[in-house]
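**Q** Pasted the sequence and its predicted model underneath.
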Amino acid sequence: MFSKIGRYLYALPFGIFGLFHFMKAGQMAGMVPIPGGQFWVYLTGVAMLAACVSIIIEKKARLACILLGVLLLIYVLSIHLPAVIGGQMQPSMTNLLKDLALAGGAWFIAGSYESEIEFEA
């Protein structure tokens with residue numbers, strides 16, 4: 001029971017984060033370190049919404065969690081770490097640590113689905 005509640009509590013904020021990416025894409029685009037800022041904001045919003053749904057309905061949840069962890073680690077390395085190095089300790093360090101912990105959580109949840117692995121010949 002607790003693992004199901006935990007998965008829901010983990011997944012739901014990503015649904016909200018995904019919606020925020022659509023509602024505030026213009027504001028977030030300036031944080032994207034590569035060209036095409038708004039496109040990447042929308043794409044990552046879709047990824048977060050898809051991960052949320054996948055975790056909740058438990059379909060392809062292992063893959064969703066692995067990819068979500070990768071996405072969060074990309075945020076850490078490409079957005080938050082450069083900001084911390086550039087002297088913006090707050091809120092960048094907080095966001096760096098939050099996303100690092102969430103990436104670890106995503107991979108932990110992915111590990112709980114190891115029985116999902118099916119090899120096709």
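**A** Okay, I see it.
**Q** ok, which stretches of the protein are helices?
**A** Listed in chain order, the helices of the chain (DSSP state H) span residues 2-23, 25-28, 37-57, 61-75, 81-85, 89-111.
**Q** which residue packs closest to residue 100, ignoring adjacent ones?
**A** Leaving aside its sequence neighbours, residue 100 sits nearest to residue 76 (Cβ to Cβ, 6 or more residues apart in numbering; 5.4 Å). Using the backbone N, CA and C atoms, a C-beta is placed for each residue, glycine as well.
**Q** Now for the residue nearest to residue 93 when sequence neighbours are not counted: which residues touch it?
**A** Using Cβ to Cβ, 6+ apart and skipping the chain neighbours, the partner closest in space to residue 93 is residue 84 (5.3 Å). With contacts defined as Cβ atoms under 8 Å, 6 or more residues apart in numbering, residue 84 is in contact with 92, 93, 96.
**Q** What does the pLDDT read for residue 84?
**A** For residue 84, the pLDDT comes out at 95.
**Q** Could you give the number of residues near the residue nearest to residue 100?
**A** 19 (other Cβ atoms under 10 Å).
**Q** could you redo the contacts of residue 84 as JSON lines and give each row neighbour count, distance to residue 13 and pLDDT?
**A** Shown next, in JSON lines, are these (neighbours: other Cβ atoms under 10 Å; distance: Cβ to Cβ, whole Å; pLDDT from 0 to 100):
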{"residue": "92", "neighbour count": "18", "distance to residue 13": "19", "pLDDT": "92"}
{"residue": "93", "neighbour count": "14", "distance to residue 13": "20", "pLDDT": "95"}
{"residue": "96", "neighbour count": "19", "distance to residue 13": "17", "pLDDT": "96"}
